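Student: sequence first, then the predicted structure, then my questions.
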Amino acid sequence: MNSPTNLCELADKIALELVFAEPGKDNGLLPINSLLGEIESLSAANPVPETVRQAIALARQMVDAALDAGELAADVIKRLGTWACWMREALTADSQSRSIPALPDALTALPAAPQSAPPPAVLRPGEDEGAEALLLNIAGNADLLREFVSEAQEHLHQIEMDALELEKDPADAGALNSLFRSFHTLKGGSGFLNLLPMNRLAHQLEALLDLTRQGKLIAHRAVIDIILEGRDALRQFVTEIEFQLGGEGQGTPIVVPTGKLLRRVEALQQVELAGEAPTPEPVAASPAVPAPDRAPDQPAEEEAKPSADTRRGASGFVKVDTAKLDSLVDLVGELVIAQSLVNQDTDLRSVQSQQLSRNLAQLGRSTNELQHIAMSLRMVPIRGSFQKMTRLVRDVAAKAGKQVELRLSGEGTELDRNLIEEINDPLIHLIRNAVDHGIENPERRAAEGKPARGVVQLRASHLGGHIVIEVEDDGAGLNKERILAKGIQAGLVTAGEQLTDQEIFALIFAPGLSTAEKVTDISGRGVGMDVVQRNISKLRGKIEVRSTPGKGSTISIHLPLTLAIIDGLIFTVGSERFIVPTLCVRESFRPSAAMISTVQGRGEMVSVRGQLSPLVRLYQQFGLQPDSTNPAESIIIMVETNRHHRCLMVDRLIGKQEVVIKGLGSTFKQCQGLAGAAILGDGRVGLILDVNSLVSGSNSRVAHN
């Protein structure tokens, strides 16, 4: 047990902050509050002597009073200093199995914190929503507000996770205490910065949770609904503050309706004070979801919350401006290119120096390692995006009158932070469709011999040089006949055309196509899945669909690990070099003359194992002079995206290589079929093909410069 040592370190940090504290000012107040919060978390997660626990509660009273006052008084600085010294002495004695000294009189003489009710919200007559305006003092508090926004976002995310855990198990003391601490910290920070509407809401919710901690109120669904609605309102405040800090609408009052919510919180508190049973409010089409059973192959450790030690470890991280990080990555990319050019310089090859060769080899190793480290700086776990889906499943299932459990795995899988941001919307659409379209209602599931509660699984894993994200449900599966009929009706498929299952399933991503029997406020208008397709294509990824009638569906998204580097297949067409992402390459081969044919209305086709694929002559597409215009004397690269595939006719293959992507200049920006460029090892430029554009079948020529 290392908690005494960790508590000592935290107490010492508080003592250090007190050295620089000035009476009548707020220097060090927020850091002290944060450090004390860590001490509270650690003491809640580990057994500590009762006297130490009492001392922590006394320190909390002092710090809360200082937060309310907005300054550290001289007597508070002195008392906290006495407290920090006593904590070190007491914890050292406990670790050595000695008796703990009594609390100093300077601490025990402190008056108890008042238990008055939180200040009422300001509601104007006839103003049903109680929209109280919040005005920011950005000029005087910009740095403090930025720090508050950063910490508030973490607390709000944790509140959502803890509330959903508490809904599963109302007796979960860990989740309850974590919720209470998060609202307590938000109350203190918002009060310190005079963000009164936020302070009042956080104070009321904290008081509600305190009743739950005392066992006077059960955390039933109505309580969880209020907590989540309160979290959303606080999130709205934080978002608006962040916008104004960024220069948007500075000086504009921030108005978030909280009146009804505050009155609902007060009503629950009054019911408890009157000695009545608080009972859940009826919620239309929102059946209570029973606590999910643990999956047979899911160990308990995966569902455990981060320990206090884990949360404390975040203090070892440094926040860096993303613009600086991107600049560093770009510079490292330039360094890699320069190092490659030096290695392949013909003048160096004629130099007979073993020492120089060793130095160049060491430079190459160091440069490669630096590149991997620089790229890893952009890599973040997908955990945050995955955890947001828990709330989404809860809300969509309640609206649809279904019982659905979301199971997560692979949350620690890392990918580029830019990809994390871009993948959020596609995940929302896929999860929402899985719940609304995939999972049946409880009655139908029971009639089919299935558990009333459906399961949606969200998984992430690394596969080779890319990441795979899968959304799987155990619902009814896709109806091929209905999808095909809708595709024919929409003119996407010709009647009588023979399609594989994969090609039929891919029709669900077509704009405007929906198989929903009715339109709801959740889905059914034929929008959403085409957004998924468009966003994934923009990220140079691909989507695969598998489905079994009556058993469910799985949608797999394959993405590169980063948007800055791609694993590409390099080839030539005439004097130019091109690169195509290997993720899109199906196969490459030299065709025979018999494999090439012309189909009326469809142009040149290549027969590959009985399947016809359109032939794209890249030399015509880009206005180049090829080595040969005869396909049988060329190489064919078959590429695919979704249900579409094309055969690219090229002169010769050079090989596979990881390349750093560069944006195209204004000259080439409008060129159809190009996604970027890369500087190759010999200093020449390779053009990166936009496979989605090529596969779409455009025949427009591109001027060659």
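Tutor: Ah, there it is.

Student: what's the longest helix seen in the chain packed up against?
Tutor: The residue-count maximum for a helix in the chain (DSSP state H) belongs to helix 138-168. When contacts are defined as 3 or more CB pairs under 8 Å, 6 or more residues apart in numbering; DSSP states H and E, helix 138-168 sits against helix 29-45, helix 173-192, helix 221-245, helix 383-400. The way it works is simple: take the backbone N, C-alpha and C, and place the C-beta from them, glycine included.

Student: what residue of the protein is the furthest out?
Tutor: Taking CA atoms, centre = their mean, the residue of the chain most remote from its mean C-alpha position is Gln352, at 52.9 Å.

Student: and that one, helix, strand or coil?
Tutor: Three-state assignment for Gln352 (DSSP: H, G, I helix; E, B strand; the rest coil): coil.

Student: the helices and strands packed on helix 138-168 into CSV, with extra columns for mean pLDDT?
Tutor: Conversion of the helices and strands packed on helix 138-168 to CSV gives the following (pLDDT from 0 to 100):
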stretch, mean pLDDT
helix 29-45, 80
helix 173-192, 88
helix 221-245, 90
helix 383-400, 89
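
Student: so which of these comes closest to Asn137?
Tutor: For the helices and strands packed on helix 138-168, the distance to Asn137 is smallest for helix 221-245, at 10.8 Å, taking CB to CB.

Student: quick one: residues contacting Pro581.
Tutor: Neighbour list for Pro581: Arg540, Pro560, Ile566, Asp567, Gly568, Leu569, Ile688, Val691 [criterion: CB atoms under 8 Å, 6 or more residues apart in numbering].

Student: returning to what we had before: just the helices and strands packed on helix 138-168: most buried one?
Tutor: For these, ranked by mean neighbour count under the definition mean count of other CB atoms under 10 Å, the leader is helix 173-192 at a mean of 23.

Student: give me the helices and strands touching that helix, please.
Tutor: For helix 173-192, the contact count by 3+ CB pairs under 8 Å, 6+ apart identifies helix 29-45, helix 50-69, helix 138-168, helix 196-213 as packing neighbours.

Student: what about Ala678, which helix or strand?
Tutor: With secondary structure defined by DSSP states H and E, Ala678 is part of strand 674-679.

Student: sorry, back to before: just put the helices and strands packed on helix 138-168 in a markdown table and tack on distance to Thr51.
Tutor: Written out in a markdown table, the entries for the helices and strands packed on helix 138-168 read as follows (distance: least, CB to CB, whole Å):
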| stretch | distance to Thr51 |
| --- | --- |
| helix 29-45 | 12 |
| helix 173-192 | 20 |
| helix 221-245 | 33 |
| helix 383-400 | 38 |
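
Student: restricted to strands, list the contacts of Pro581.
Tutor: The strands in this structure, assigned by DSSP state E, contain Pro560, Ile566, Asp567, Gly568, Leu569, Ile688 from those.

Student: Cys85 reaches Ile14, doesn't it?
Tutor: No: under the criterion of CB atoms under 8 Å, Cys85 lies out of contact with Ile14, with a separation of 10.6 Å.

Student: out of those two, which sits in the busier spot?
Tutor: Neighbour comparison, Cys85 and Ile14: the larger count goes to Ile14, with 24 against 14 (by other CB atoms under 10 Å).

Student: in three-state terms, label that one for me.
Tutor: Of the three states, Ile14 takes helix under three-state DSSP.

Student: any idea how far it lies from Gln96?
Tutor: Using CB to CB, to the nearest Å, we find Ile14 at a distance of 22 Å from Gln96.

Student: out of the helices and strands packed on helix 173-192, nearest to Pro614?
Tutor: The stretch from the helices and strands packed on helix 173-192 with the least distance to Pro614 (CB to CB) is helix 138-168; that distance is 47.3 Å.

Student: so which bits of that closest one are buried?
Tutor: Taking 16 or more other CB atoms under 10 Å as the neighbour-count basis, helix 138-168 is seen to contain the buried residues 141, 145, 147-149, 151-152, 155-167.

Student: that older thread, tabulate the ones in strands among the contacts of Pro581 in a markdown table, adding columns for pLDDT, distance to Lys450 and neighbour count.
Tutor: As requested, the ones in strands among the contacts of Pro581 are exported to a markdown table (pLDDT from 0 to 100; distance: CB to CB, whole Å; neighbours: other CB atoms under 10 Å):
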| residue | pLDDT | distance to Lys450 | neighbour count |
| --- | --- | --- | --- |
| Pro560 | 80 | 37 | 22 |
| Ile566 | 77 | 42 | 25 |
| Asp567 | 78 | 41 | 17 |
| Gly568 | 86 | 45 | 24 |
| Leu569 | 91 | 45 | 21 |
| Ile688 | 88 | 47 | 21 |
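
Student: what is the most widely separated pair among those?
Tutor: For the ones in strands among the contacts of Pro581, with distances taken as CB to CB, the pair at the greatest spread is Pro560 and Leu569 (13.8 Å).

Student: what's the closest non-adjacent residue to Leu680?
Tutor: The shortest distance from Leu680 to any residue other than its chain neighbours is 5.1 Å, reached at Gly686 (CB to CB, 6 or more residues apart in numbering).

Student: who are the contact partners of the one you found?
Tutor: Counting by CB under 8 Å, 6+ apart, Gly686 touches Gly568, Ile570, Arg577, Phe578, Ile579, Val659, Ala677, Ala678, Ile679, Leu680.

Student: and stretch 18-27, how far from the chain's centre?
Tutor: Between the mean C-alpha point of stretch 18-27 and the mean C-alpha point of its chain there is a distance of 38 Å (CA atoms, centre = their mean, to the nearest Å).

Student: now do the same end-to-end measure for that stretch.
Tutor: By CA to CA, to the nearest Å, the extent of stretch 18-27 from end to end equals 9 Å.

Student: ok, stretch 474-493 next?
Tutor: From start residue to end residue, stretch 474-493 stretches across 28 Å - CA to CA.

Student: show the pLDDT at Leu648.
Tutor: With respect to pLDDT, Leu648 has a value of 93.

Student: list the buried residues of the strand or helix carrying it.
Tutor: When secondary structure is defined by DSSP H and E, Leu648 falls within strand 644-650. Neighbour counts using 16+ other CB under 10 Å place His644, His645, Arg646, Cys647, Leu648, Met649, Val650 of strand 644-650 among the buried residues.

Student: give the pairing partners of it; include direction for each.
Tutor: The strands beside strand 644-650 in its sheet (DSSP bridges) come out as strand 611-617 (parallel), strand 635-641 (antiparallel).

Student: what is the subsequent helix or strand relative to the first one?
Tutor: Think strand 611-617. Along the chain past strand 611-617, the next helix or strand (assigned with DSSP H and E) turns out to be helix 618-621.

Student: helices or strands next to that next one in the packing?
Tutor: Other helices and strands packing on helix 618-621, by 3+ CB pairs under 8 Å, 6+ apart, are strand 644-650.

Student: now with 10 Å, please.
Tutor: For helix 618-621, the elements it packs on are strand 565-573, strand 576-581, strand 644-650, judged by 3 or more CB pairs under 10 Å, 6 or more residues apart in numbering; DSSP states H and E.

Student: may I have stretch 170-178 as PDB, with CA atoms only?
Tutor: As requested, the backbone C-alpha atoms of stretch 170-178 are provided in PDB (Å, rounded to 0.1, in the frame of the first residue of the first chain):
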ATOM      1  CA  PRO A 170     -27.400   2.500  -7.500                       C
ATOM      2  CA  ALA A 171     -25.300   1.000  -4.700                       C
ATOM      3  CA  ASP A 172     -22.000   1.800  -6.500                       C
ATOM      4  CA  ALA A 173     -20.300   4.000  -3.900                       C
ATOM      5  CA  GLY A 174     -17.300   4.600  -6.000                       C
ATOM      6  CA  ALA A 175     -19.400   6.100  -8.900                       C
ATOM      7  CA  LEU A 176     -21.500   8.100  -6.400                       C
ATOM      8  CA  ASN A 177     -18.500   9.600  -4.600                       C
ATOM      9  CA  SER A 178     -16.800  10.400  -7.900                       C
END
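
Student: for the stretch 51-200 of the chain, give me the ranges with low pLDDT.
Tutor: Scanning the stretch 51-200 of the chain for pLDDT under 70 picks out 109-132.
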